[in-house]
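1. this one's sequence-less:
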């Protein structure tokens, strides 16, 4: 068996494999600030691609971007008790506005603030304060806002991208005239996330509703998309909340309705974060490193000039530049093909492996022979298959080749997930399974009255990832054996 | 004289006019968090256009985006004394990581941090810590990084966009092998800013170097672009710093050079912020509100359907949609023309004035007659001239019309600035002028030895905005009458 580029492999030590993929692909690193990461250029480039796609989807659904303060006064939090409780345990509190140097040159905080501020862990309350100023009449509604921002939640155990004290995200915040409209918004946006996850990330997701235990602090209903990582654990990849009138009451967002009555508005919020990058890595990467789906790759193609004799250098590089130019003029997924010619002075093998580890979908090696034969020799990263074909055939196939990689990744991930998903009908089957299972999704019928989630979490470290949308079929609850249409998905999770 | 849309007008009360333009164009508002603003959708759209243009320019000059922590440990700041002193007076200090509810439901900070953190006022020190890990050999250089981020400087007197405690910006940070390369980088990027200011913002700027008194805390050299606002005051619109080895020493960024010697690296940094939006407003806007240059306008064209009889509604709106579709297919400045059809149910005059106040370059009113006559009736916002022409002529002229508005704005601003710029040769002339002048640029020769800046600031509230690049010509210093080639620009400033 050949040696792999990542040590350890997934089967040897999955968590450590993840850290090494992040490191070898040069995506991010830990900083000396507890729990805060540095997103390096190759990692940030993925976020930029994600932002571009998502931003276009948000705008296409009528949302506008805006920006609200980083700091939240404590009294805003105090207005929504459940929300405050949910975030009070893990927030960065600003208490002073100045530093003073001691005689030894140490800096110490001075000038205490009258009211401490917290760094936003999420912005419902601070954005709500603006909404209260903006909304007067039903004619002002709906308000459909999105914000790209950093947020801070003081996490105890952190992991690059998956759980960091500071992370980047987008948070949508909307205000509506009726409960139905706010609910429809929450539903519409979880569908946008599902589309993005499947179409752009090639990451299949289940879409459902969180149980009360897993709901966003202060929400009436939390919808989510849940993906399965290659260790069989679930990753919550995006959430969308119907907030009822809870935050409108807390922030005093009132309006005059069509009957000339004053009432509280209905709000929704929804977000995805740099955690998606962690999900992307753990969905597609293999024991040779990162694997990027073409739609989110900073480069679709990397061209490596292969020069054994210095005399060939100019001809080969010129030819590579011609290929580059010709590629830029082609499009994939509505954009110019992104290509990079790596002319850095390094040995060929090292260079090639660095791009393999960085997950570029297509890696071409171009030497004097390829030039002479008008042929292309390349590597399809996700299958690690080499291919060779006439140049003209390659040109013809390039966009469909990228799309077939994109679809192949989704298909592969879906096959993996489906193989790791089991339907279970009895408690004993369920207990037998979780006594040994390390991962996988378990789907059961479970009636609303069976409050066994806390107990199962305690016993097997599993949670209900989501309640699936109702179907017409009923079956018996695996716990109570009562008939119910309610199906839930159980898993260990990140 | 007709009534203007903004009260007061510029000549009546310039600072209040500015606030009213921001308000009437719906660009931003103050929040309840001291000194922090809310950037509303129409204001944020300008920032998005700016980001798009600047980001492309940074990438074209070889820079990559990345992201670094929001928080800076105090010990990082302590390593560069001048830098620490410069920012210690105005920083948000995080001291606790948790809130606890009192019996009355109040939240109070708890869990003090071992080491307090400050919210970044700028990121030289935190990014330097990463650079120290990334740089080993001259082969790793140059490192050319940019970050889009929020920063916090606890300002006492704030003004929307121009000076806020939190603001959005980009900060470039680069590491080089030699002093010359780092200096060249600082110079290259101030030229990028100048290009952007003039080409995209239509805002003429002077480019020069700051004196020691106005230099960035810790820099060896600070280059700047300075614009003139309509009250004759200067606005520092962007800076680029050559940092020597100061920050490399503080952050311990060392590398093995070509002679196999270990040495400290040379660094540069450069930034522009949402302050540019303030500059844009004060450069072009008039007594009817905001005026946007086409290259940064969220909409190049707004189409207002004019419907006097309900029977015409469908025909007119369908026709407007056709115009919209045809416009989207045209390009200006390399992008699809951005057009919006305002079908909102408001009276025509109110609607039209709302878009005038929002500064859209071209506002078209389309009624049944225009449809019948195949003609276009519109308003060129920056001159407030109405025009009427055959539809086919309008189609032909549209992109050049937008470009002529873009150039017309630059020309108008340049003419204004030049008329408010005086060369002065003697001290008495200088003192006479500043005894009464409210604004304007004053250019003088001033030899390096004349340390009169503090005294002039004290007396007239003016500063040296920049030292202009040397020319071959020498003249006598207005203060000492010694011969010198050094020319400086004096002004009151924001």
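-> Nice, I can see it. In this text the structure is predicted, and so the values were computed from the model without any measurement.
2. ok, and the closest non-adjacent residue to residue A:112?
-> The spatial neighbour of residue A:112 that comes closest, neighbours along the chain excluded (Cβ to Cβ, 6 or more residues apart in numbering or on different chains), is residue A:96 at 5.5 Å. C-beta: built from backbone N, CA, C; applies to glycine.
3. partners of the helix or strand that contains the one you found in the sheet?
-> Using DSSP states H and E, residue A:96 sits within strand A:93-101. As defined by DSSP bridges, the strand partners of strand A:93-101 come to strand A:107-119 (antiparallel), strand B:93-101 (antiparallel).
4. and those strands, which is most packed in?
-> strand B:93-101 (a mean of 21; mean count of other Cβ atoms under 10 Å in any protein chain shown).
5. helices of the stretch 351-494 of chain A, residue ranges please.
-> Taking DSSP state H, counting those that start in this stretch, the helices of the stretch 351-494 of chain A run over residues A:368-373, A:391-419, A:427-436, A:453-460.
6. can you list contacts of the last one?
-> It refers to helix A:453-460. A:211, A:213, A:434-435, A:462-464, A:490, A:492 (Cβ atoms under 8 Å, 6 or more residues apart in numbering or on different chains).
7. same question for the shortest one.
-> Judged by Cβ under 8 Å, 6+ apart, the contacts made with helix A:368-373 from elsewhere in the structure are A:312, A:315-316, A:319, A:375-377.
8. and it, what's its mean pLDDT?
-> Taken as a whole, helix A:368-373 has a mean pLDDT of 93.
9. tell me which residues of it come out buried.
-> A:368, A:370-371 (16 or more other Cβ atoms under 10 Å in any protein chain shown).
10. let me know the closest of those residues to chain B.
-> The closest of those to chain B turns out to be residue A:368 (Cβ to the nearest Cβ; 26.7 Å).
11. and the residue positioned nearest the centre of chain A, what does it touch?
-> Geometric centre of chain A, nearest residue: residue A:276, 1.6 Å, by Cα atoms, centre = their mean. Applying Cβ under 8 Å, 6+ apart to residue A:276 gives the contacts A:50, A:197, A:201, A:237-238.
12. all the strands of the stretch 1-150 of chain A, residue numbers only.
-> Listed in chain order, the strands of the stretch 1-150 of chain A (DSSP state E, counting those that start in this stretch) span residues A:28-30, A:37-39, A:64-65, A:71-73, A:93-101, A:107-119, A:143-152.
13. the fifth one vs strand B:143-152, what angle?
-> Which is strand A:93-101. Angle, strand A:93-101 to strand B:143-152, by axes from the mean of the first three to the mean of the last three Cα atoms, to 10 degrees: 110 degrees.
14. okay, domains of chain A per the record?
-> Listed domain ranges for chain A are A:14-69+A:127-284, A:294-417, A:421-491 (source: automatic domain parsing).
15. most proximal residue of the stretch 151-300 of chain A with respect to chain B?
-> Counting by Cβ to the nearest Cβ, the stretch 151-300 of chain A gets nearest chain B through residue A:154, at 4.6 Å.
16. so which helix or strand takes in that residue?
-> Using DSSP H and E, residue A:154 falls within no helix or strand.
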